[in-house]
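1. coords below, sequence missing:
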């Protein structure tokens, strides 16, 4: 199925998604550097938003077509939730990986239900932002009928 010609090209989508990946990484570092000053809930769980948004943007670099935005967002959010449940499993080799800063950032270090809302917020943010850059919402605002 071809994309309508009035939408942004896949190469432009790929470029913007790459820039969004960079912005998400910067947001993660900014969050890490300022989290001590944030309210308790944001300090403990807010990092899930840029985490999910990064992976959605990264996947969109690989599949830069607007028809993939919702499936990518749902898939990344689901995998992130599965990773959260995986934290209930504690084999020694996996605990060694989680004990490193990189392992904890990638896989998490402990299960908590409060991590789920930021994952869903990141998923919705991914749909909205990628929909915006790919022209998904632009067509509607210009008065043309959605396909």
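-> Received it, and whenever you're ready, just let me know what you need. Since we're looking at a predicted model, the values are computed, not measured.

2. so which strand or helix has the residue nearest the centre of the chain?
-> Of all residues in the chain, the one closest to the mean position by CA atoms, centre = their mean is residue 53, 1.9 Å from it. If you go by DSSP states H and E, residue 53 is part of helix 48-62.

3. Kindly calculate the angle that the very next helix or strand once past that helix makes with helix 48-62.
-> Beyond helix 48-62 on the C-terminal side, the first helix or strand identified by DSSP H and E is helix 69-86. Here the directions of helix 69-86 and helix 48-62 differ by 130 degrees (axes from the mean of the first three to the mean of the last three CA atoms, to 10 degrees).

4. do you know how far the closest residue to residue 27 other than its chain neighbours is from residue 79?
-> Leaving aside its sequence neighbours, residue 27 sits nearest to residue 50 (CB to CB, 6 or more residues apart in numbering; 4.1 Å). To be clear about C-beta, it is placed using only N, CA and C from the backbone, and glycine gets the same treatment. Distance, residue 50 to residue 79, by CB to CB, to the nearest Å: 16 Å.

5. Would you mind telling me which of the two has more residues around it?
-> residue 50 (23 against 15; other CB atoms under 10 Å).
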